[in-house]
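A predicted structure for the sequence below; I have some questions about it.
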Amino acid sequence: MTSDNNVTRSEHASDQPHIEALHHAAFGPGARARAAFRVREQAPHDLSLSFLTELDGVIVASVRMTPIRVGAARGLFLGPLVVDPPRKGCGYGKALMRRAVAAAAQRGSSFVILVGDEPYYAPFGFKRLRPGQVVLPGPVDPARLLCAELAPGAALALAGMVRGVSIVRSPHEV
């Protein structure tokens, strides 16, 4: 999505302080206590699958993807999706969701898991997992644990604890 003053692009390492400030403004200091954050502490997010939107050069929205494993299955954990509070409802979050899920599918990921509200995320292909099927390292409302299958039947094979996985890249990819 681009216009004269709006650009959506992949996240760069240098964006980290700006995105962290956006997270703090949107979620407050309690965000780090959530189970989803515990997954993200286990491994760095994948910059090539994490996107942001700038408006007049200022970051106003961000979405991140962290590589995970659930049992033997590898996939992605989406989040946080954050939009600058005064800009909520402008479509930035939905545009980032479409881009992130499409990029995950193009990369060959078989599933994406997130913790969120099903009515918001259902249009992007997310559905509730069976209670107890997938576990996070902390309490989560089972109605908010969602999965988008990017490969047919991928969600049915998921069972166990969600764990962050570090990305190993060849020297040619760096």
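Structure's in. What do you need?

C-alpha only now, for contacts and for neighbours.
Noted.

does Met65 really touch Ala43, like I thought?
No. Applying CA atoms under 8 Å, one finds Met65 not in contact with Ala43, separated by 10.5 Å.

Just want to know which of those two has more residues nearby.
Neighbour comparison, Met65 and Ala43: the larger count goes to Met65, with 27 against 16 (by other CA atoms under 10 Å).

Could you check which helix or strand contains the more buried one?
Met65 belongs to strand 58-70 when assigned by DSSP states H and E.

Which positions in that strand come out as buried?
Neighbour counts over strand 58-70 (16 or more other CA atoms under 10 Å) mark Ile59, Val60, Ala61, Ser62, Val63, Arg64, Met65, Thr66, Pro67, Ile68, Arg69, Val70 as buried.

could those go into a markdown table alongside distance to Leu76?
Shown next, in a markdown table, are the buried residues of strand 58-70 (distance: CA to CA, whole Å):
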| residue | distance to Leu76 |
| --- | --- |
| Ile59 | 23 |
| Val60 | 23 |
| Ala61 | 19 |
| Ser62 | 16 |
| Val63 | 12 |
| Arg64 | 10 |
| Met65 | 6 |
| Thr66 | 5 |
| Pro67 | 5 |
| Ile68 | 5 |
| Arg69 | 8 |
| Val70 | 10 |
